[in-house]
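A.B. asks: Structural data only, the sequence is not supplied:
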């Protein structure tokens, strides 16, 4: 790489900090700052090799603080989050052990970073950048203890706001350990459904848990459709859904059809069941949503009813 | 869309010199260099100061989103792109694509996600040269961004979002892989359509359980348009929301503003008009606040909006003219 050398990187470093206060989005300045940091950092051994840039511990700590200062009033600035990641990727990618005792100072860094992100999410629980950064950390360190701890964190967020779709998304990621090739085994799916239903009960109008509910069942459908395990799962799920609807109607004296996301989920389940009776119920529900209960989406429900009718025939 | 350039009076009245703008854009071009593939493109502004014409500065590099914007803007203003380093840009795309199929924006290094996959696809389409994009890998990345609730996230594992959903669908469309990916084995198309229409409250929200925002009428309305399903939205309701988000000084803000706490901005104005332009080709004069700019309304008080090509995010008329090679910056008609 052919970039300019400079005589006084420390002074250049100071200058970049000043420039970044004026414009923390200037990606060229951030890049130049990282060049200075790298040139002033000495890797631990002479034959040190990594695909990531090495930064000394003190620079990492110092620049994380700088990024936090600049990030405070700019929580959605891509360059600041990218800088955090650049600082941490070499040490985080090095963590191969799952043992808490073996990782020492890097683990401390992990904990501090997760805490920092939690602080940002405390101000805005749906900050997309914060969640991306958090997911990156969990995936790169891939520590079982951290995955488990994250479920607790998510539960706290859902206690505070059961409609937080970002938290629901994180739950999906964490329960799949960050990988699409690790679907729920069917028994675990059953347990997860219980959790989701308990949350759906809090507010049956809430879209997030019903989408999650359908996603859980669909995942099993794609793996083991028409197996006795799936049939049993889907029956249990359908009953649970009906129970939520009935309880809602009893307690609120309202028509459960108003909970359009609950009904939409029911339609999806009926479609997966695929037998004649289920499909014709699905068509009926879609027609009801179209004609009365979900007027904003009436054109969609009309089409959906037609599609289901075609399958039924 | 508003036909502003159709009226020479507007150009004179508002002192708009399209040639000046075109020249300025070209000063932001970074040309390729023998030792450094991957730097060709356009910068967004003059934050690097004035770079001398023959001066090579490693960090004087194009940014993918700016390159995309520059090409669209140049075409819209009537330039024929003859001075664009097309080969350099396409070579640069190759250097920016990652192993997982995503793109970063800058050869110096940046985050990589679906936004830049979209930019790379749009650029390749405009320059009619796909040698810079490994299409199979880009498609794989988009599939990796499919979410549990049927839409598309910005990076794999992240939350479904209107902006990234648009980027994914538009990119697939540009790469000619839309049908193959959405209709192959498990009918992703239906899930996608359901997710999109479920984002409508009156206006469109960008994510489940979040607030409405006018720009999502484009991101999600546009996605549905590409899927030929935008008629499934409640167009009347959405239009009422969008036109209601105008301020009395003109322009659109992201939300309705009875309390005067939201200001209009260029982004929301652009995306609101964009959606209006491809969802309604005529709109009543009273619905659009234009403060006296001559917008070519008809005798019955309706205004023709020239449709945006929603996949490319630019004027349909202009991209057609460019393709037919009849664009000439001295003859904007």
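C.D. replies: Yep, that arrived. Small disclaimer: the values here were computed from a predicted structure and weren't measured.
A.B. asks: Closest to the mean position in the chain, which residue would that be?
C.D. replies: You didn't say which chain, so I picked chain A. residue A:170 (2.9 Å; C-alpha atoms, centre = their mean).
A.B. asks: If you drop the residues flanking it in sequence, what lies closest to residue A:298?
C.D. replies: Using C-beta to C-beta, 6 or more residues apart in numbering or on different chains and skipping residues adjacent in sequence, the residue nearest residue A:298 is residue A:290, 4.7 Å away. Bear in mind the C-beta positions are built from the backbone N, C-alpha and C, glycine included.
A.B. asks: State the pLDDT value of that neighbour.
C.D. replies: Model confidence at residue A:290, expressed as pLDDT, equals 98.
A.B. asks: returning to what we had before: mind checking how far the strand or helix carrying the residue nearest to the centre of chain A is from the chain centre?
C.D. replies: Using DSSP states H and E, residue A:170 sits in helix A:165-175. Averaged C-alpha coordinates place helix A:165-175 at 4 Å from its chain's average position (C-alpha atoms, centre = their mean, to the nearest Å).
A.B. asks: just stretch B:314-323 next, same as before
C.D. replies: Worked out by C-alpha atoms, centre = their mean, stretch B:314-323 lies 14 Å from the chain centre.
A.B. asks: which residues are contacting that stretch?
C.D. replies: Residues from elsewhere that reach stretch B:314-323 (C-beta atoms under 8 Å, 6 or more residues apart in numbering or on different chains): B:1, B:72, B:75-76, B:78, B:80-81, B:126, B:306-309, B:312, B:327.
A.B. asks: Buried residues, it. List them.
C.D. replies: B:314, B:315, B:316, B:317, B:318, B:319, B:321, B:322 (16 or more other C-beta atoms under 10 Å in any protein chain shown).
A.B. asks: neighbours of residue A:225, just the number please.
C.D. replies: Number of residues near residue A:225 (other C-beta atoms under 10 Å in any protein chain shown) recorded here: 13.
A.B. asks: again, but for residue A:159
C.D. replies: By the measure other C-beta under 10 Å, the count of residues near residue A:159 is 11.
A.B. asks: before we move on, back to that, secondary structure class for the residue nearest to residue A:298?
C.D. replies: Recorded secondary structure, residue A:290: helix (DSSP: H, G, I helix; E, B strand; the rest coil).
A.B. asks: Which ChimeraX command selects the buried ones in the contacts of stretch B:314-323?
C.D. replies: One line in ChimeraX is enough to select the buried members of those, burial here meaning 16+ other C-beta under 10 Å:
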select /B:1,72,75,76,78,126,306,307,308,309,312,327
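A.B. asks: Show me the contacts of stretch B:314-323 that map onto strands.
C.D. replies: If you go by DSSP state E, those have B:308, B:309 in strands.
A.B. asks: Flag every residue of the stretch 1-150 of chain B that's near chain A.
C.D. replies: Listed as neighbours of chain A in the stretch 1-150 of chain B under the rule C-beta under 8 Å from any C-beta of the partner chain: B:35-36, B:47-48, B:58-59, B:63, B:106, B:108-111, B:144, B:147-149.
A.B. asks: Would you confirm that residue A:257 contacts residue A:287?
C.D. replies: No. Residue A:257 is not in contact with residue A:287 according to C-beta atoms under 8 Å; the separation is 11.4 Å.
A.B. asks: mind listing what the residue nearest to residue A:298 touches?
C.D. replies: Residue A:290 is in contact with A:297, A:298, A:301, A:302, A:305, counting by C-beta under 8 Å, 6+ apart.
A.B. asks: If we use 7 Å, what do you get?
C.D. replies: Taking C-beta atoms under 7 Å, 6 or more residues apart in numbering or on different chains, we find residue A:290 in contact with A:298, A:301, A:302, A:305.
A.B. asks: Kindly provide the distance from the closest residue to residue B:174 other than its chain neighbours to residue B:313.
C.D. replies: Take residue B:174 and drop its neighbours on the chain: the residue closest to it by C-beta to C-beta, 6+ apart is residue B:121, 4.2 Å away. Going from residue B:121 to residue B:313 by C-beta to C-beta, to the nearest Å gives 11 Å.
A.B. asks: who has more neighbours, those two?
C.D. replies: Counted by other C-beta under 10 Å, residue B:121 and residue B:313 do not tie: residue B:121 has more neighbours, with 26 against 19.
A.B. asks: from the chain's centre, how far out does the host helix or strand of that one sit?
C.D. replies: If you go by DSSP H and E, residue B:121 is part of helix B:114-127. Distance of helix B:114-127 from its chain centroid, counting by C-alpha atoms, centre = their mean, is 10 Å.
A.B. asks: I'd like the next helix or strand past it.
C.D. replies: Defined by DSSP H and E, the subsequent element after helix B:114-127 is helix B:135-144.
A.B. asks: How about the secondary structure of residue 180?
C.D. replies: In the absence of a named chain, this looks at chain A. Relying on three-state DSSP, one would call residue A:180 coil.
A.B. asks: ok, it to residue B:138 distance?
C.D. replies: According to C-beta to C-beta, residue A:180 stands 18 Å off from residue B:138.
A.B. asks: Spatially nearest residue to residue B:244 (excluding sequence neighbours)?
C.D. replies: Nearest one to residue B:244, counting by C-beta to C-beta, 6+ apart, is residue B:256 at 5.2 Å.
A.B. asks: Verify the contact between the one you found and residue B:247 for me.
C.D. replies: No. Using C-beta atoms under 7 Å, residue B:256 is not in contact with residue B:247, being 10.4 Å away.
A.B. asks: just to revisit the earlier point, can you tell me which of the buried residues of stretch B:314-323 are in strands?
C.D. replies: Among the buried residues of stretch B:314-323, the members falling in strands (DSSP E) are B:314, B:315.
A.B. asks: Of the buried residues of stretch B:314-323, which is the nearest to chain A?
C.D. replies: Chain A lies nearest to residue B:314 out of the buried residues of stretch B:314-323, by C-beta to the nearest C-beta, at 23.6 Å.
A.B. asks: give me the beta-bridge partners of that closest one?
C.D. replies: Counting by DSSP bridges, residue B:314 is bridged to residue B:309.
A.B. asks: What is the end-to-end distance of stretch B:42-59?
C.D. replies: Taking C-alpha to C-alpha, to the nearest Å, stretch B:42-59 runs 13 Å from one end to the other.
A.B. asks: in it, what counts as buried?
C.D. replies: By neighbour count on 16+ other C-beta under 10 Å, the buried set for stretch B:42-59 is B:42, B:43, B:48, B:51, B:57, B:58, B:59.
A.B. asks: Local confidence estimate at the closest residue to residue A:12 other than its chain neighbours?
C.D. replies: Closest residue in space to residue A:12, ignoring its immediate chain neighbours: residue A:36 at 5.1 Å, by C-beta to C-beta, 6+ apart. The model reports residue A:36 with a pLDDT of 93.
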